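K.L.:
show me the folded form of this:
(chains A and B)
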Protein chains: 2
Amino acid sequence: MSLDETLLSGDRLSLARLLTQVENGDPQARPVLDRLYQYTGHAHRIGITGAPGTGKSSLVNLLTRTIRSTSAKTVAIIAVDPSSPFTGGAILGDRVRMRDLAGDAGVFIRSMASRGALGGLAVTTAQLVQVFDAVGFDLIMIETVGAGQAEVDITRLAHTTLVVEAPGFGDDIQAIKAGIMEIADILILNKADLPGVENTERALRSNLEMGYSGAITRKARHQTSAADAENDGNEGVWTPPILRTIATEENGTVAVWKMIQKHYRYLQSSGGLERLLRERLCKELEDRVQANLINEWRDTTGTFKMESALQQVVDKKWSPDQAVDWLLHSN
Amino acid sequence: MSLDETLLSGDRLSLARLLTQVENGDPQARPVLDRLYQYTGHAHRIGITGAPGTGKSSLVNLLTRTIRSTSAKTVAIIAVDPSSPFTGGAILGDRVRMRDLAGDAGVFIRSMASRGALGGLAVTTAQLVQVFDAVGFDLIMIETVGAGQAEVDITRLAHTTLVVEAPGFGDDIQAIKAGIMEIADILILNKADLPGVENTERALRSNLEMGYSGAITRKARHQTSAADAENDGNEGVWTPPILRTIATEENGTVAVWKMIQKHYRYLQSSGGLERLLRERLCKELEDRVQANLINEWRDTTGTFKMESALQQVVDKKWSPDQAVDWLLHSN
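P.N.:
Take a look at the predicted model:
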């Protein structure tokens, strides 16, 4: 069997090896990715995001167990945690999680400990998703810590985005603060057995009713041009539901799984699926072009040249703009 | 008087106009920035970051009042709030603040409502800082919402970074979560009259003692090479102090102002000031080179070419990498 055939047959070891190559930016992965690309486009990509402490990872585990026990679908999980800009933040719960779902050949878990190779986290995550999609996983869960722009970029890879909240953070709702509620297709109120759950749900609901999530989100995510805006009528409106879950009870995750499927059907029937595909690929091409331009420039411009320019700026002989002109346009 | 002379003489209207040009990426600003650059390098740049709800902005106002009433130093404040990726997040408190410090010719407040022109927020903020520095402001405060990588990038512009915390977010400390505690030179425990202040301070302190802030920070911020690491001995060690403040009492901000000056003296005597300058300019040159490369590419590559490439990828005739190759290397 060729490597492609081995991968497409579901061999976990070859898959793990390819994922590592992709994560490290190994050029060997490139031809494999090129060949596998034609097999993509069948997976349902589910983004799960939420602040630390909301029990996001446990929820993903429980949800995966629910999906595996009630359907024939296979699940790949990509856990992305770039939380700390300096320490790189590997995922602590990863071993626990591995144990939890171990032995199920229909589940594959990968955590991104690195910051992403060429092009950063978003590009690398996109490539990992493509690999999982190509080799036939039905559902791909992309789990990120909801903390900023980087997470929002990653969430753009998903068809269906779950934003996880939990009571007990005082009156403040983490997702509203971080601006990630606007990207929610489904809102999960996790740890619903904790005190304060009513208040948190009320706050989430009033935000939804203010159109903070619904209206803005649909516009921002689904429209790329004025022409798209005109087509909006065809798509109907998806109002993000709020679902309660408790880490120890599977009732909640059964409802979540049903809602995820409902959202996918909504995307299929409304044309949203194709629109999301084009948007995502457009963003991905732009990200990669940028990454390549920068890397090509780095490869052709020596450290010495950079150092010379820097010294001129430190000495205030050149402004930063003048140094940049010289770096880019002198030979 | 020439425009430069007008600016250097402290004319507020010309200054405001130039800042707007810089923020909009107006090419007219370019020659002015180039000429003004030689006058930079005298300001003390102070970064202030913290989660929403910590009372960061009020603290900045009170601190500014303290500085103005106890010293002859002039203060420029740049408030950066890119919190929401979709709504753009203008600063609500801005009018309140304006009123608060209005009428003092030694204070200039500018909020970045936009996402930054060419090169994004970090590059634009760097340019605003350079303008304030050149026209003679002694202190430049850069206030950001501590939420992710973008904020950390902006904080790199500062000599002295204040991270603001407040009790009342449950047991979690926002800065630790977001990974921004690692960049603190001074930790401020604001709203110190609220219940829970002891717990929050204990949590901050134990994090500091774990070396979470001190050791890692100093390495990450001050070392750029192995050679630098060897020089570490000369610099001594700055252990981030924790200072309590209350929005209604100036006792706290007097102590903060003293500590800010102490940190600046530490940087001067340890050689840290020069090291930070080189690091900052190196990062700035790289950011600008990247921004320019991308913009030049956009200007020379038509929308039609991008659309063609996208269609090939949507149709799965090309992988994203193959499309990028074609976009970059075909003519």
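
K.L.:
average pLDDT for the longest helix along chain A?
P.N.:
Counting residues, the longest helix found in chain A (DSSP state H) is helix A:272-300. Summarised as a single mean, pLDDT over helix A:272-300 is 87.

K.L.:
now swap in stretch A:306-315 and tell me
P.N.:
Rounded mean pLDDT across stretch A:306-315 is 94.

K.L.:
residues of it that come out buried?
P.N.:
A:306, A:309-310, A:312-314 (16 or more other C-beta atoms under 10 Å in any protein chain shown). Using the backbone N, CA and C atoms, a C-beta is placed for each residue, glycine as well.

K.L.:
over to stretch A:298-308?
P.N.:
By neighbour count with 16+ other C-beta under 10 Å, stretch A:298-308 contains the buried residues A:Met306.

K.L.:
swap in stretch A:319-331?
P.N.:
Result for stretch A:319-331 [16+ other C-beta under 10 Å]: buried residues A:319-325, A:327.

K.L.:
contact partners for A:Asp133?
P.N.:
Counting by C-beta atoms under 8 Å, 6 or more residues apart in numbering or on different chains, A:Asp133 makes contact with A:39-43, A:45, A:140.

K.L.:
again, but for A:Gln21
P.N.:
Contacts of A:Gln21 by C-beta under 8 Å, 6+ apart are A:28-29, A:32.

K.L.:
buried ones from those residues, can you make that a ChimeraX selection?
P.N.:
A single ChimeraX command suffices to select whichever of the contacts of A:Gln21 are buried according to 16+ other C-beta under 10 Å:
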select /A:29,32
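
K.L.:
follow-up on the earlier one: identify the farthest-apart pair in the contacts of A:Asp133.
P.N.:
A:Tyr39 and A:Arg45 (15.0 Å; C-beta to C-beta).

K.L.:
who's more crowded, these two?
P.N.:
Per other C-beta atoms under 10 Å in any protein chain shown, whichever of A:Tyr39 and A:Arg45 has more neighbours is A:Arg45, with 23 against 17.

K.L.:
quick revisit: turn the buried residues of stretch A:306-315 into CSV, columns for secondary structure.
P.N.:
Formatted as CSV, the buried residues of stretch A:306-315 follow (DSSP: H, G, I helix; E, B strand; the rest coil):
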residue, secondary structure
A:Met306, helix
A:Ala309, helix
A:Leu310, helix
A:Gln312, helix
A:Val313, helix
A:Val314, helix
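
K.L.:
which of the residues you listed are close to chain B?
P.N.:
Counting by C-beta under 8 Å from any C-beta of the partner chain, A:306, A:309-310, A:313-314 from the buried residues of stretch A:306-315 sit close to chain B.

K.L.:
would you reformat the residues you listed as TSV and include distance to A:Thr6?
P.N.:
Shown next, in TSV, are those (distance: C-beta to C-beta, whole Å):
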residue	distance to A:Thr6
A:Met306	43
A:Ala309	48
A:Leu310	49
A:Val313	52
A:Val314	54
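
K.L.:
by contact count, what packs against the longest helix of chain A?
P.N.:
helix A:120-134, helix A:214-222, helix A:250-270, helix B:272-300, helix B:303-314, helix B:320-329 (3 or more C-beta pairs under 8 Å, 6 or more residues apart in numbering or on different chains; DSSP states H and E).

K.L.:
cutoff 6 Å now
P.N.:
Contacts defined by 3 or more C-beta pairs under 6 Å, 6 or more residues apart in numbering or on different chains; DSSP states H and E place helix A:272-300 against helix A:120-134, helix B:272-300, helix B:303-314, helix B:320-329.

K.L.:
quick revisit: let me have the buried residues of stretch A:306-315 in CSV, extended by distance to A:Arg65.
P.N.:
Shown next, in CSV, are the buried residues of stretch A:306-315 (distance: C-beta to C-beta, whole Å):
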residue, distance to A:Arg65
A:Met306, 52
A:Ala309, 56
A:Leu310, 54
A:Gln312, 60
A:Val313, 57
A:Val314, 58
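
K.L.:
specify which member of these is nearest to A:Ala76.
P.N.:
Using C-beta to C-beta, the buried residues of stretch A:306-315 come closest to A:Ala76 at A:Met306, 40.3 Å.

K.L.:
quick check: mean pLDDT of the helix or strand hosting A:Leu19?
P.N.:
A:Leu19 is part of helix A:12-24, with elements assigned from DSSP states H and E. In this model, helix A:12-24 has an average pLDDT of 92.

K.L.:
leaving out sequence neighbours, find the closest residue to A:Arg30.
P.N.:
Excluding the flanking residues, the one nearest A:Arg30 by C-beta to C-beta, 6 or more residues apart in numbering or on different chains is B:Asp321, at 6.1 Å.

K.L.:
now A:Ala158
P.N.:
Nearest non-adjacent residue to A:Ala158 (C-beta to C-beta, 6+ apart): A:Gly47, at 3.1 Å.

K.L.:
quick check: bridge partners of the one you found?
P.N.:
For A:Gly47, the beta-bridge partners are A:Ile142, A:Thr161 (DSSP bridges).

K.L.:
for the closest residue to A:Gln127 other than its chain neighbours, give its distance to A:Thr125.
P.N.:
Spatially, and ignoring its direct neighbours in sequence, A:Gln127 is nearest to A:Val22 (4.8 Å; C-beta to C-beta, 6+ apart). Distance, A:Val22 to A:Thr125, by C-beta to C-beta, to the nearest Å: 10 Å.

K.L.:
try A:Gly50
P.N.:
Distance from A:Gly50 to A:Thr125, by C-beta to C-beta: 17 Å.

K.L.:
which one of the two has more residues nearby?
P.N.:
A:Gly50 (29 against 24).

K.L.:
could you pull up phi and psi at the more buried one?
P.N.:
Per-residue torsions, A:Gly50: phi 170, psi 160 (degrees, to the nearest 10).

K.L.:
isn't it right up against A:Val164?
P.N.:
Yes: between A:Gly50 and A:Val164 there is a contact under C-beta atoms under 6 Å: 3.2 Å.

K.L.:
list the residues that contact both of the two?
P.N.:
Residues touching both A:Gly50 and A:Val164 (C-beta atoms under 6 Å, 6 or more residues apart in numbering or on different chains): A:Lys56.

K.L.:
need the buried residues of stretch A:319-331 in TSV with pLDDT, can you?
P.N.:
TSV is the format used below for the buried residues of stretch A:319-331 (pLDDT from 0 to 100):
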residue	pLDDT
A:Ser319	93
A:Pro320	91
A:Asp321	90
A:Gln322	93
A:Ala323	94
A:Val324	92
A:Asp325	92
A:Leu327	92
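
K.L.:
just the closest of those to chain B, please.
P.N.:
The nearest member of the buried residues of stretch A:319-331 to chain B, counting by C-beta to the nearest C-beta, is A:Ser319 at 3.6 Å.

K.L.:
tell me the spacing between that closest one and B:Pro31.
P.N.:
In terms of C-beta to C-beta, A:Ser319 sits 10 Å off from B:Pro31.

K.L.:
care to break chain A down by domain?
P.N.:
A:39-272, A:301-329 (automatic domain parsing).

K.L.:
any idea which of the ones you listed is most buried?
P.N.:
Highest mean neighbour count of those: domain A:39-272, a mean of 19 (counted as mean count of other C-beta atoms under 10 Å in any protein chain shown).

K.L.:
endpoints of that domain, how far apart?
P.N.:
Counting by C-alpha to C-alpha, to the nearest Å, you get 21 Å between the two ends of domain A:39-272.

K.L.:
so A:Ile77 makes contact with A:Leu139?
P.N.:
No: look at A:Ile77 against A:Leu139 with C-beta under 6 Å: they stay out of range, at 9.0 Å.

K.L.:
tell me, what's touching those two both at once?
P.N.:
Here A:Ile77 and A:Leu139 have no joint contacts, going by C-beta under 6 Å, 6+ apart.

K.L.:
quick one: low-confidence parts of chain A?
P.N.:
A:81-100, A:113-120, A:146-152, A:168-180, A:210-236, A:331 (pLDDT under 70).

K.L.:
please redo it, this time with the cut-off set to 50
P.N.:
Where chain A drops to pLDDT under 50, the residues are A:83-93, A:95, A:171, A:212-234.

K.L.:
having no further points to raise, I will conclude here.
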